[in-house]
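[1] For reference, the sequence and a predicted model appear below.
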Amino acid sequence: MTTELNFTIERTRFDEDYRPAENTRITTNFANLARGENREENLRNTLTMINNRFNSLAHWDNPNGDRYAVELDIVSVELDARAELGGPGLPLIEVLQTKILDRQTGKRIDGIVGNNFSSYVRDYDFSVLLREHNRGRTKFSVPDNFGDLHGKLFRSFVNSEAYKSSFAKPPVICLSVSNSRVYHRTENQHPVLGHEYRQEEQSLTDRYFSRMGLQVRYFMPPNSVAPLAFYFSGDLLVDYTDLELIGTISVMDTFQKIYRPEIYNANSVAGKCYQPSLEHKDYSVTRIVYDREERNRLAREQGKLAEESFLRPYRDFLERWSASYTFQLI
């Protein structure tokens with residue numbers, strides 16, 4: 001049996017007029033912002049925050065702090081199931097691609113693809129499989145081969161012709177650091193990424209992303225108050241330009257200030273030894289409306305949806321494909 005899967009890619013502009021598509025995960029950061037009566041104000045304020053953050057980091061030859069604007073495309077990936085499964089396209093993941101508009105020259109510069117990461121199968125793994133596995137247990141544990149299928153699907157996509165013909169560089173995904181780990185600041189400092197932090201033991205998310213072929217480093221960018229986790233293949237500090245990295249920082253630092261203000265909009269800066277906490281009380285809130293409890297509930301619902309519409313009906317095919325798939329370097 002062939003190990004090749006076919007993928008299709010669609011792009012949707014993320015701007016103040018954005019409305020989520022029907023197959024978009026409604027817990028996705030950008031989709032969550034575009035719901036409710038405050039949707040346009042949410043989107044407008046978010047984009048303003050992103051642009052301000054970008055210009056504060058890209059300050060050279062930018063005396064008025066308004067030279068650049070960040071444009072965002074939502075990249076939706078479907079598994080083309082017609083050949084393999086005899087059915088319609090199955091939504092798998094959504095990421096963001098940045099594009100940087102230089103208002104001074106009029107040029108647009110391709111940024112990094114990845115940034116935010118949204119996945120139906122990951123919803124299932126964390127919100128359904130992991131919860132059911134630990135129900136009734138006195139000690140937390142992880143199922144055997146946890147994240148194996150998801151990792152292979154991701155690697156297959158990144159190595160596919162669909163990806164390679166659309167994007168010049170491998171993805172970088174940027175997430176919040178884990179509140180179950182302690183991070184230690186090192187002497188390494190990058191001009192854009194800022195101070196590097198390290199921790200002694202991988203979090204569950206770190207291990208999950210390693211199945212996707214991604215390693216992790218933690219950096220706290222200038223004027224940030226907590227480190228971010230950057231998941232990548234290759235060399236993060238060499239493979240991407242300063243402007244590309246700034247694009248990812250400006251987007252994800254903004255999202256984290258909205259979604260985890262206790263960590264990323266705290267009124268104190270992470271020290272040499274730092275453990276994030278969502279119980280932290282000394283923080284500021286943005287003007288952007290967000291319901292974290294609803295998002296957690298919807299993640300479980302979408303995990304169930306992935307199980308019912310994809311993982312269970314196509315279990316035999318997926319098991320055969322996974323068993324025959326050979327890892328490739330991203």
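    That came in fine, so what should we check first?

[2] Where do the strands of the stretch 101-250 of the chain begin and end?
    Secondary structure of the stretch 101-250 of the chain, counting by DSSP state E, counting those that start in this stretch: strands at 108-119, 172-176, 183-190, 194-198, 215-220, 228-232.

[3] Please pull out the lowest mean pLDDT helix or strand from this protein.
    Comparing helices and strands within the chain by mean pLDDT, DSSP states H and E singles out helix 81-84 as the least confident, with a mean of 59.

[4] Now do N32, the pLDDT please.
    As predicted, N32 sits at a pLDDT of 69.

[5] Ok, Y325 next?
    In this model, Y325 carries a pLDDT of 88.

[6] So it versus P171, what's the distance?
    19 Å (Cβ to Cβ, to the nearest Å). C-beta here means a position set from N, CA and C on the backbone, and glycine is covered the same way.

[7] Counting neighbours, go ahead and name the busier of those two.
    Under the criterion of other Cβ atoms under 10 Å, the comparison of Y325 against P171 puts P171 first, with 23 against 20.

[8] hey, what's the closest residue to that one other than its chain neighbours bridged with?
    With Cβ to Cβ, 6 or more residues apart in numbering as the criterion, P171 has its nearest non-adjacent residue at 3.3 Å, and that residue is G114. G114 has these beta-bridge partners by DSSP bridges: L96, V172.

[9] Report the separation between G114 and D17.
    G114 is 24 Å from D17, where distance means Cβ to Cβ.

[10] Pick out whichever of those two has more residues nearby.
    With neighbours defined as other Cβ under 10 Å, G114 and D17 compare such that G114 has more, 25 against 10.

[11] Tell me who's in contact with the more buried one.
    In this structure, G114 makes contact with 95-97, 171-174, 231, 248, judged by Cβ atoms under 8 Å, 6 or more residues apart in numbering.

[12] swap the cut-off to 10 Å and go again
    Residues in contact with G114, defined by Cβ atoms under 10 Å, 6 or more residues apart in numbering, are 75, 95-98, 158, 167, 169-174, 214, 230-232, 248, 252.
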